[in-house]
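In: pasting the sequence and the predicted model now:
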2 protein chains.
Amino acid sequence: MRWEDLDREHCSLARTLSVIGDRWTLMVLRECFLGMHRFEEFEARLGIARHVLADRLKKLAEAGVLAKHLYQERPRREEYRLTETGLDLYPVILGLVQWGDKHMAGTEGAPLLRVHKTCGKVMDGVVVCSECGEPVRARDVRVEAGPGAGEETLPRPARAS
Amino acid sequence: MRWEDLDREHCSLARTLSVIGDRWTLMVLRECFLGMHRFEEFEARLGIARHVLADRLKKLAEAGVLAKHLYQERPRREEYRLTETGLDLYPVILGLVQWGDKHMAGTEGAPLLRVHKTCGKVMDGVVVCSECGEPVRARDVRVEAGPGAGEETLPRPARAS
DNA sequence: AAAGTGGGTTCCAAAAGAGAACCTGTCAAG
DNA sequence: CTTGACAGGTTCTCTTTTGGAACCCACTTT
């Protein structure tokens, strides 16, 4: 299977991964969420090869996750900013970071803490059900075919999702 | 930068990506959350090259995300099951799927719907603050150095995370 | 004895990545 | 008016990782 075919798959995960399913892409997005915008900043903080960085930024811009923003004419300079679509990826980044904090942190503990500006406390993100508000775990959820389902999407017996 | 170096980085995202930051790995995990356990199931549903699948399953098992489970002696047959550590990745998978449902779905709509067994309704996951229970968006959060922080982890001015 | 099954490993060619050098506007200093 | 610096890339070669197919092995069924 080629990765360009992935965005035509009948699976939202596969379609998402065709845009951001790459180590460097996720690292670039982390830097964006930390407030970085410029080519040089990404390069210096990540140690990524320049042509790979250029490629990832281009693809993220094409996908509408980042937008180029002119911050200086003559010489023309552009920076990259998260769009609303990009900001919607926050739950993914937060999920990855929290999993790392819990399962991969050394003895010292988490490198970064998150403070909720609204309530002022150090927080974690918790995933709750949009309908009843209860926390959701994998075992609490079952899948059903949706409007855009293909035949092959569903598992044979519908089990946990 | 080499990817083996990533798990020594002072960043939970990088450490997480050193384990699951790979397209195929995430696709394998999707299948696990859909109830698949066997080598042949993964191969048939994903169209992944067999040696890549073998490699990913081995690494996931070494990382403690999947556990090998003997389901038959003579001939010896093993399947892969999510551990508690693996089940903790559900928020990540859910985040990716929901982003895809929202931004990458075609005209037909989402391929799969999720039903919350507890309340019986079709649901989405919503990320809320562990302290105040309000929904959390990227703009509502600021980062601070945590106990395991290194110098280079923090952005110069602490902005949005 | 032959074919099937589950779970792999081995081979080669193609694609993606690392690392370094080079290019393009533009300004500022000597 | 030449030299250097800066931001943001592109091009080059070399190594690593994939994709795709074939092969292997321990058993069971026909």
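Out: Yep, it's here.

In: report the mean confidence score over stretch A:39-59.
Out: On average, the pLDDT along stretch A:39-59 is 96.

In: from chain B, how far off is the residue of chain A found nearest DNA strand C?
Out: Relative to DNA strand C, the nearest point of chain A is residue A:75 (3.4 Å; C-beta to the nearest atom of the strand). To be clear about C-beta, it is placed using only N, CA and C from the backbone, and glycine gets the same treatment. Residue A:75 sits 23 Å away from chain B, taking C-beta to the nearest C-beta, to the nearest Å as the criterion.

In: for residue A:109, same thing?
Out: For residue A:109 relative to chain B (C-beta to the nearest C-beta), the value is 4 Å.

In: re earlier: and the pLDDT at the residue of chain A closest to DNA strand C?
Out: 85.

In: what's the spacing between it and DNA strand D?
Out: Distance of residue A:75 to DNA strand D, given as C-beta to the nearest atom of the strand, to the nearest Å: 6 Å.

In: burial count for residue A:81?
Out: Residue A:81 has 14 neighbours, counted by other C-beta atoms under 10 Å in any protein chain shown.

In: my error: substitute residue A:40 in the last question.
Out: For residue A:40, using other C-beta under 10 Å, the count is 11.

In: helix, strand or coil for it?
Out: helix (DSSP: H, G, I helix; E, B strand; the rest coil).

In: all strands of chain A, in order?
Out: Secondary structure of chain A (DSSP state E): strands at A:66-72, A:77-82, A:112-116, A:122-123, A:125-129, A:141-145.

In: DNA strand D is nearest to which of those strands?
Out: DNA strand D lies closest to strand A:77-82 among those, at 4.2 Å (C-beta to the nearest atom of the strand).

In: how about the residue at the greatest distance from the centre of chain A, what does it touch?
Out: Within chain A, the residue lying farthest from the chain centre (C-alpha atoms, centre = their mean) is residue A:74, at 33.5 Å. Going by C-beta atoms under 8 Å, 6 or more residues apart in numbering or on different chains, residue A:74 touches no other residue.

In: distance of it from residue A:40?
Out: 19 Å (C-beta to C-beta, to the nearest Å).

In: go on, residue A:131?
Out: Taking C-beta to C-beta, one finds residue A:131 at 46 Å from residue A:40.

In: for the residue nearest to residue A:109 when sequence neighbours are not counted, grab the count of nearby residues.
Out: Spatial nearest neighbour of residue A:109, excluding adjacent residues (C-beta to C-beta, 6 or more residues apart in numbering or on different chains): residue B:147 at 3.6 Å. With neighbours defined by other C-beta under 10 Å, the count for residue B:147 comes to 12.

In: can you check residue A:139 too?
Out: Residue A:139, neighbours per other C-beta under 10 Å, totals 10.

In: looking at it, it is touching residue B:88, isn't it?
Out: No - in this structure, residue A:139 is not within contact of residue B:88 by C-beta atoms under 8 Å, at 11.9 Å.

In: burial of the closest residue to residue A:77 other than its chain neighbours, as a residue count?
Out: Residue nearest to residue A:77 in three dimensions, not counting chain neighbours: residue A:71, with 5.8 Å by C-beta to C-beta, 6+ apart. By other C-beta under 10 Å, the residues close to residue A:71 number 12.
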